[in-house]
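1. What follows is a predicted structure for the sequence shown.
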Amino acid sequence: MIRSSPGMNDREQDKERMRQAARKHFERRVDPEENKRRKAESRRRKAGRPKPPRRREWTSGDGTDEPETFERIVKAKPLDAPPPRELDVLVVDASARRGTIVEIHRNRMVVVEDDGLVHEMPPPEHRVAVGDVVRLDVSRADASFVAVEPRRSTLARRDPTGRHVRLLATNVDVVCVVLTAVPEPKIGLADRVRVALDGEPVIQVVCVNKTDLLGEAEAITLVEALAPLRTEGMIVCETSALDGTGLKELAAAIRGRTCVLVGQSGVGKSTLLNALAPEGRRETREVREGDGKGRHTTTSSALVTLEDGTRIIDTPGVRAFGLEKVTPAAAVAAFPEFGRTGPCRFRDCLHHHEPDCAVRRAVEQGEIAAARYASYLRILSD
Ligand code: GDP
Ligand code: ZN
């Protein structure tokens, strides 16, 4: 409101209006020093506030909320990939001890130091997985987590909603797909894994277990079914965890490496692991007895180290091997024999329904195994 004295002319009234506006402005204005102080104060308050809790997805390791289906596999990262963003790689005190996570449960994890010392501690807020190399503070009675080292590979899958990625295992060199020979091996799973690992520095081994249950004729059929995989460069082992057949070959394929076992439940992953590492299993059992809670029949991932240094990670509950992103190129690349047929009419032929397709012709003429082609089409339909 303009306070105007009687007798003020228009010009003076205008001036008075401006003076009042200016007064108002300066009354509202905060002194710059005061402004700085307020900002600093707000920053301090924000820093002191506890961060919102992270999603504890990695606790799914104990299997209680683990869906049966291996929904979608996320590619293993190349060896020199930078660590994930949520990873806190600290400059670690040289006295911090190094160890590997061998088990993770909802409220505890087991870490084995390089020299074999076993520690139990609550899992950190970070997303960690079996296979992670971590630094520990062992200066007090209970060892505690300090940091996780960069990973050379990561095996993860999306949960059924597709929104969250769960780490299955890290720092693996070999993915071993375990199939059961009886009633018949689901070889398509091996093909899917091959597509998922396209171009990654991870070796794939296919282990067909329970061969002791095969009759003579069935054994021959199996060898024939596996022939294309061998021809196309996969390492294939036929094993019986019960009578020991083929275990030497399997052990040789993974020796000195970190290997994760993937396959439907019931195919014999745990039995294979026990057959390869009787001493390894005992070690984790002792840890469980040590915590006074008795022995759980655990359904979580677990890492076992064999006497020769080979490490095996068992991942139960993993049934199918969904693919994160199937590019037609990756699918074709997993079937190298398709590249050896003559050219198709179209350069970007998906070998599906296109006319004049050399791959389809090769299948019809028996040059490419019909089962391989069928497996390719199933992957393509994803
Ligand atoms: P996992 O769910 O993949 O870990 O499978 P398990 O190791 O628990 O084995 C499931 C069942 O298959 C058990 O009853 C095992 O005894 C049996 N089994 C495992 N390996 C073999 C094998 O090589 N031959 C036969 N006949 N049975 C096996
Ligand atoms: Zn074609």
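-> Thanks, I have it. Ligands and ions are numbered 1, 2, ... in the order given.
2. In contact with Ala190, which residues?
-> Each residue near Ala190 by CB atoms under 8 Å, 6 or more residues apart in numbering is listed here: 177, 179, 204, 206, 229, 234. C-beta coordinates here come from the backbone N, C-alpha and C atoms, glycine included.
3. what does Ala334 give?
-> By CB under 8 Å, 6+ apart, the neighbours of Ala334 are 191, 194-195, 198, 376, 379.
4. which pair in the residues you listed spans the largest distance?
-> Asp198 and Tyr376 (13.5 Å; CB to CB).
5. For the closest residue to ligand 1 within the stretch 201-350 of the chain, which non-adjacent residue is closest in space?
-> Across the stretch 201-350 of the chain, the shortest distance to ligand 1 (CB to the nearest ligand atom) belongs to Gly268, at 2.9 Å. Distances taken as CB to CB, 6 or more residues apart in numbering put Asn209 closest to Gly268, at 4.3 Å, once the chain neighbours are dropped.
6. cool, and Met109?
-> Spatial nearest neighbour of Met109, chain neighbours left out: Pro123 (4.4 Å); criterion: CB to CB, 6+ apart.
7. neighbours around that neighbour, how many?
-> Pro123 sits with 21 neighbouring residues when counted by other CB atoms under 10 Å.
8. Make sure it is actually in contact with Val111.
-> No. Pro123 is not in contact with Val111 according to CB atoms under 8 Å; the separation is 9.9 Å.
9. shared neighbours of these two, which are they?
-> Common contacts of Pro123 and Val111, defined by CB under 8 Å, 6+ apart, comprise Phe145.
10. What parts of this protein come near ligand 1?
-> Contact residues (CB under 6 Å from any ligand atom) of the chain with ligand 1: 209-210, 212-213, 240-242, 263, 265-271, 316.
11. Just the buried subset of those, please.
-> In terms of neighbour count (16 or more other CB atoms under 10 Å), the buried residues within these are 209-210, 240-241, 263, 267-271, 316.
12. From the residues you listed, which one has the minimum pLDDT?
-> Lowest pLDDT within those is found at Pro316 (59).
13. rewinding a little: what is the nearest of the residues of the chain next to ligand 1 to Lys46?
-> Nearest to Lys46 out of the residues of the chain next to ligand 1 is Pro316 (CB to CB; 42.6 Å).
14. So His119: helix, strand or coil?
-> What DSSP: H, G, I helix; E, B strand; the rest coil gives for His119 is strand.
15. which residues does it form a beta bridge with?
-> In this structure, His119 bridges to Val111 when assessed by DSSP bridges.
16. so it makes contact with Ala143?
-> Yes. Here His119 reaches Ala143: they are 4.1 Å apart, a contact under CB under 8 Å.
17. So for those two, which residues contact both of them?
-> Taking CB under 8 Å, 6+ apart as the criterion, His119 and Ala143 both touch 111, 136.
18. picking that back up, so what does the residue nearest to Gly268 have for phi and psi?
-> Dihedral angles of Asn209 (phi, psi; degrees, to the nearest 10) stand at phi -100, psi 170.
19. surely it meets Thr180?
-> Yes. Using CB under 8 Å, Asn209 is in contact with Thr180, at 5.7 Å.
20. so what sits against both of those two?
-> The overlap between the contact sets of Asn209 and Thr180 (CB under 8 Å, 6+ apart) consists of 267-268.
21. So for the contacts of Ala334, which is the shakiest by pLDDT?
-> Lowest pLDDT among these: Asp198, with 73.
22. Quick check: chain neighbours aside, which residue is closest to it?
-> Asp198 sits nearest to Ala330 (CB to CB, 6+ apart), 4.2 Å away.
23. what about the host helix or strand of the one you found, near ligand 2?
-> Assigned by DSSP states H and E, Ala330 belongs to helix 328-333. No. Judged by CB under 5 Å from the ion, helix 328-333 stays clear of ligand 2, getting no closer than 9.2 Å.
24. hmm, who's touching the helix or strand just after that helix?
-> Proceeding N to C from helix 328-333, the next assigned helix or strand is helix 358-364, under DSSP H and E. For helix 358-364, the external contacting residues (CB under 8 Å, 6+ apart) are 337-338, 341-344, 349, 351, 368, 370, 373.
25. possible to save the contacts of Ala334 as CSV with neighbour count?
-> Listed next are these as CSV, based on neighbours: other CB atoms under 10 Å:
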residue, neighbour count
Asp191, 27
Arg194, 25
Val195, 26
Asp198, 16
Tyr376, 24
Ile379, 21
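26. quick one: which of those residues sit in helices?
-> 191, 194-195, 376, 379 (DSSP state H).
27. Can you tell me which of those residues is nearest Leu303?
-> Of all the ones in helices among the contacts of Ala334, Leu303 sits closest to Arg194, with 23.8 Å by CB to CB.
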